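**Q** Sequence first, then the predicted structure, then my questions.
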Amino acid sequence: MATILSGKAVAEALHQRLARQMQTLAAAGVTPTLAILRVGERPDDLAYERGAAKRCEKLGVAVRRVTLAADCAQEELMSAIRAVNEDAGIHGCLLLRPLPAGLDERAACEALRPEKDVDCVTGASLARVFTGRGAGYPPCTAQACLEILDHYGCVLDGQRVTVVGRSLVIGKPAAMLLLARNATVTVCHTHTMDLAAECRRADVLIAAAGKAGAIGPECVSHGQIIIDVGIHVTEDGGMCGDVDYPAVEPLAGAITPVPGGVGAVTSTVLAGHVIRAAADAAGIAL
């Protein structure tokens with residue numbers, strides 16, 4: 001039986017660290033504030049917004065909701081982003097994506113000031129992930145993977161890590177964060193020859209394929225640490241990940257559940273980015 005890497009335990013430990021940082025900011029009269037910018041009412045956007053707001057408010061991070069109609073004009077969206085940029089009382093902005101068809105998502109993302117980009121939607125933030133220089137923060141989900149590995153004492157230095165998925169949202173940024181920790185990283189994708197063999201070679205396997213059950217037992221070697229980033233709704237209304245959990249769990253050394261794994265940590269990482277942004281804006285060392 002694999003060790004279950006509970007995201008709830010990681011989130012609570014991270015919450016305690018962030019609560020101490022909040023005390024430092026409160027003593028200086030600083031209230032970290034997150035703007036959540038949502039266009040339309042997609043159910044998954046609403047669910048993420050609720051989770052992010054709940055975690056932030058639990059820590060004392062203020063939340064301002066900025067909502068636009070799904071059929072809003074591009075200029076209306078750009079105006080809302082400019083208002084966020086110009087408001088010194090807002091330290092971070094979460095732009096919920098994907099945006100409705102007809103809107104220029106790239107232009108909207110690039111309009112956000114990198115120092116307020118707490119979920120890595122701008123090119124400048126991505127540049128920081130790849131180079132270690134500049135403003136911005138890594139994607140919350142990618143960082144959540146490392147928070148889990150760190151919490152459970154996984155040493156990354158010199159370890160073989162395979163990331164299945166090459167998106168700019170999770171796969172590539174996660175690979176860069178792992179490289180910065182001296183892991184030996186392999187990135188796999190839909191054109192990888194013999195994906196199963198590449199996965200089995202890893203000490204740590206991060207599944208970010210975006211396809212339910214994409215990682216089966218043929219991809220796993222005994223004792224591996226498996227981080228499952230995927231979140232999918234099943235036909236019966238339940239949830240599953242990119243990993244075929246019932247088939248893989250008996251082989252793994254440790255594995256994150258879905259739900260209750262990476263997703264449980266992501267919103268806490270987001271709150272941490274807002275707290276850091278507020279501290280940086282005020283010139284306060286945490």
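**A** Everything's here; your move. Quick caveat, the model's predicted, so the values are computed rather than measured.

**Q** mind giving me the domain ranges of this protein?
**A** Annotated domains of the chain cover 28-115, 140-263 [automatic domain parsing].

**Q** which of those domains sits most buried?
**A** Using mean count of other C-beta atoms under 10 Å, the stretch among the domains of the chain with the greatest mean number of neighbours is domain 140-263 (a mean of 19). (Glycine included, C-beta is placed from N, CA and C.)

**Q** Quick check: end-to-end length of it?
**A** Using C-alpha to C-alpha, to the nearest Å, the end-to-end distance of domain 140-263 comes to 10 Å.

**Q** and it, what's its mean pLDDT?
**A** On average, the pLDDT along domain 140-263 is 97.

**Q** same question, stretch 93-101
**A** 97.

**Q** Likewise for stretch 37-53?
**A** The pLDDT scores in stretch 37-53 average 95.

**Q** Output that stretch as CSV, restricted to C-alpha atoms.
**A** Extracted C-alpha coordinates of stretch 37-53, given in CSV (Å, rounded to 0.1, in the frame of the first residue of the first chain):
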residue,chain,number,x,y,z
LEU,A,37,-11.1,39.0,-12.1
ARG,A,38,-13.7,36.7,-13.7
VAL,A,39,-15.4,37.0,-17.1
GLY,A,40,-18.7,35.1,-17.3
GLU,A,41,-19.9,32.4,-15.0
ARG,A,42,-18.2,29.1,-16.0
PRO,A,43,-18.9,26.6,-13.2
ASP,A,44,-15.2,25.7,-12.8
ASP,A,45,-14.3,29.4,-12.6
LEU,A,46,-16.9,29.9,-9.9
ALA,A,47,-15.6,26.9,-8.0
TYR,A,48,-12.0,28.0,-8.1
GLU,A,49,-13.0,31.5,-7.1
ARG,A,50,-14.9,30.2,-4.0
GLY,A,51,-12.0,28.0,-3.0
ALA,A,52,-9.4,30.8,-3.5
ALA,A,53,-11.5,33.4,-1.6
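
**Q** can you put the domains of the chain in TSV and add distance to Val10?
**A** Listed next are the domains of the chain as TSV, based on distance: least, C-beta to C-beta, whole Å:
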stretch	distance to Val10
domain 28-115	13
domain 140-263	4
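
**Q** quick one: which of those domains is nearest Ala281?
**A** Ala281 lies closest to domain 28-115 among the domains of the chain, at 5.7 Å (C-beta to C-beta).

**Q** just to revisit the earlier point, the domains of the chain: which one's closest to Met1?
**A** domain 140-263 (6.9 Å).

**Q** if we can go back for a sec, nearest to Ala282, of the domains of the chain?
**A** Proximity of the domains of the chain to Ala282 was assessed by C-beta to C-beta; the nearest stretch is domain 28-115, lying at 5.0 Å.

**Q** Tell me if I'm right that Ala26 and Gly60 touch.
**A** Yes - using C-beta atoms under 8 Å, Ala26 is in contact with Gly60, at 7.4 Å.

**Q** Mutual contacts of these two, please.
**A** With contacts taken as C-beta atoms under 8 Å, 6 or more residues apart in numbering, Ala26 and Gly60 have no neighbour in common.

**Q** just to revisit the earlier point, what's the closest of the domains of the chain to Leu5?
**A** Nearest to Leu5, of the domains of the chain and by C-beta to C-beta, is domain 140-263 at 4.6 Å.

**Q** So which of the domains of the chain is nearest Ala19?
**A** Closest among the domains of the chain, once you apply C-beta to C-beta, is domain 28-115, at 6.3 Å.

**Q** Just the terminal-to-terminal distance for the closest one.
**A** End to end - C-alpha to C-alpha - domain 28-115 spans 20 Å.
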